[in-house]
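Asks: Okay, structure incoming, though there's no sequence with it:
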């Protein structure tokens, strides 16, 4: 017997898998773009903080292919994992991300890995690949 948890999870997974870019309302697309720009802007602001300098230095030693993804606000490229880590930390370095809408800071956890993988795979943002 399926539990409510399984049903909710299955519903969310099916929604994510079956939703196409063309299905998204214009205001959702616009808000997503705003959230992406806010996250990148906060990361660029975090570059010159003490945390930012530490994160960039540490991202250089994480390893992997050093040409996969960009560390925002710098001229550095790094592995996809390292760039996602660095950009997530940079986006939250000043604790200013998403403060105009809510106080959850989800963008700093979600946007950097998505964009790092997107850059590594040269995705346009409309592709839907589940593997």
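Replies: Nice, thanks for sending it over. This one's a predicted model, so the numbers in the text were calculated from it and none came from an experiment.
Asks: Could you give the average pLDDT over whichever strand or helix holds residue 11?
Replies: The secondary structure element spanning residue 11 is helix 4-18 (assigned by DSSP states H and E). Mean per-residue pLDDT for helix 4-18: 83.
Asks: Downstream of it, the next helix or strand is which one?
Replies: Counting by DSSP H and E, the next helix or strand C-terminal to helix 4-18 is helix 26-46.
Asks: wait, residue 120 sits on residue 70?
Replies: No - with contact defined as Cβ atoms under 8 Å, residue 120 and residue 70 do not form a contacting pair (10.2 Å). (Glycine included, C-beta is placed from N, CA and C.)
Asks: Identify the residue nearest the geometric centre of this protein.
Replies: In the chain, the residue lying closest to the centroid (Cα atoms, centre = their mean) is residue 111, at 1.6 Å.
Asks: if I look at the nearest residue in space to that one that is not next to it in sequence, how far off is residue 60?
Replies: Counting by Cβ to Cβ, 6 or more residues apart in numbering, the nearest residue to residue 111 once its immediate chain neighbours are dropped is residue 39, at 4.3 Å. Using Cβ to Cβ, to the nearest Å, residue 39 is found at 22 Å from residue 60.
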